[in-house]
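Asker: Sharing a sequence plus its predicted fold:
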Amino acid sequence: RGGPLCDAARRLAVNDEICRALTDAGAVRTCLDLLAGPGPGGPAPAPALARAALGLLRQLCGSDHAKETFVAEGGVQAALAALAAGGGAPGAAGAPSKGVAEQALGLLGAVVLRNPGHAEHFAEQGGFPALAAALDALPDAAGVQRQGCLLLRNAAARSAPARDAALAAGAEALARRAKRAHPGPCGDVGAAALRDLGLPDYHD
């Protein structure tokens with residue numbers, strides 16, 4: 001039931017006022033509870049449910065009010081956990097969930113956009129190594145690669161500490177690989193990520 005409800009709420013959240021109202025009504029907390037599953041040691045939520053919860057959070061986090069609530073309630077950690085569970089890893093059993101990874105990266109990109117404090121919090125939670133692992137696991141998924149580049153750009157644009165953490169996690173190689181492999185969806189955002197990482201040859 002949770003997935004269809006999240007999808008319906010996402011379709012309703014078309015402006016800041018509605019996003020604020022849904023946040024104040026507990027939508028962020030509900031989504032985070034869905035991502036947590038039944039509790040410690042229990043199974044992760046099904047990919048379809050995780051994707052729906054992340055998609056609603058992504059829509060809500062177009063609102064600064066929702067972003068603050070999301071971060072304060074441990075949302076970055078929850079999104080990274082969903083990314084690790086749904087993004088797959090080299091050698092992991094089962095096929096990686098591209099949908100979960102794309103929504104998790106899109107959500108995190110929205111959270112750090114124009115907010116250096118959130119970008120630094122993302123870095124402190126191990127966000128850049130987690131991002132690198134997801135992009136390495138899904139090199140052929142153009143949507144995942146695009147969202148990864150956008151996240152790199154948004155996080156690096158206004159924060160030197162986040163920029164340094166991204167470079168230390170191999171962001172340059174990730175962005176260049178995305179540009180080469182997916183020039184249509186990733187050419188522009190890959191170049192923008194490289195530029196905002198402070199690299200002069202970002203068009204190469």
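Answerer: Looks like it came in fine. Residues are numbered from 1 along each chain as shown.

Asker: Pull the number of nearby residues for Gly184.
Answerer: Number of residues near Gly184 (other C-beta atoms under 10 Å) recorded here: 8. Where you see a C-beta, it was placed from the backbone N, CA and C, and this is true even at glycine.

Asker: Okay, and it sits in which element?
Answerer: In the assignment (DSSP states H and E), Gly184 maps to helix 183-196.

Asker: do the same with Arg177
Answerer: Secondary structure from DSSP H and E places Arg177 in helix 171-181.

Asker: Residues contacting the helix holding Gly184, please?
Answerer: 142-143, 145-146, 149-150, 152-153, 156-157, 163, 171-172, 175-176, 178-179, 201-203 (C-beta atoms under 8 Å, 6 or more residues apart in numbering).

Asker: before we move on, back to that, I'd like the mean pLDDT over the helix holding Arg177, please.
Answerer: Helix 171-181 shows a mean pLDDT of 97.

Asker: cool, stretch 188-204 as well?
Answerer: Stretch 188-204 carries an average pLDDT of 93.

Asker: helices and strands around the helix holding Arg177, which ones?
Answerer: Under the contact criterion of 3 or more C-beta pairs under 8 Å, 6 or more residues apart in numbering; DSSP states H and E, helix 171-181 touches helix 127-137, helix 142-156, helix 183-196.

Asker: so which of these comes closest to Gly117?
Answerer: Minimum separation from Gly117 across the helices and strands packed on helix 171-181 (C-beta to C-beta) falls at helix 142-156, 11.3 Å.

Asker: Which of the residues in the worst-scoring helix or strand of the chain on mean pLDDT are classified as buried?
Answerer: Lowest by mean pLDDT, DSSP states H and E among the helices and strands of the chain is helix 75-86, with a mean of 91. For helix 75-86, burial by neighbour count (16 or more other C-beta atoms under 10 Å) applies to 75-86.

Asker: Can you show me the CA trace of it as CSV?
Answerer: C-alpha atoms of helix 75-86 as CSV (Å, rounded to 0.1, in the frame of the first residue of the first chain):
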residue,chain,number,x,y,z
GLY,A,75,17.4,11.4,5.8
VAL,A,76,20.9,11.6,4.3
GLN,A,77,21.9,8.4,6.1
ALA,A,78,18.6,6.7,5.1
ALA,A,79,19.1,7.6,1.4
LEU,A,80,22.6,6.4,1.4
ALA,A,81,21.5,3.1,3.0
ALA,A,82,18.9,2.7,0.3
LEU,A,83,21.5,3.5,-2.3
ALA,A,84,23.7,0.8,-1.0
ALA,A,85,20.9,-1.7,-0.8
GLY,A,86,19.3,-0.8,-4.1
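
Asker: Just want the angle from that helix to helix 127-137.
Answerer: 20 degrees (axes from the mean of the first three to the mean of the last three C-alpha atoms, to 10 degrees).
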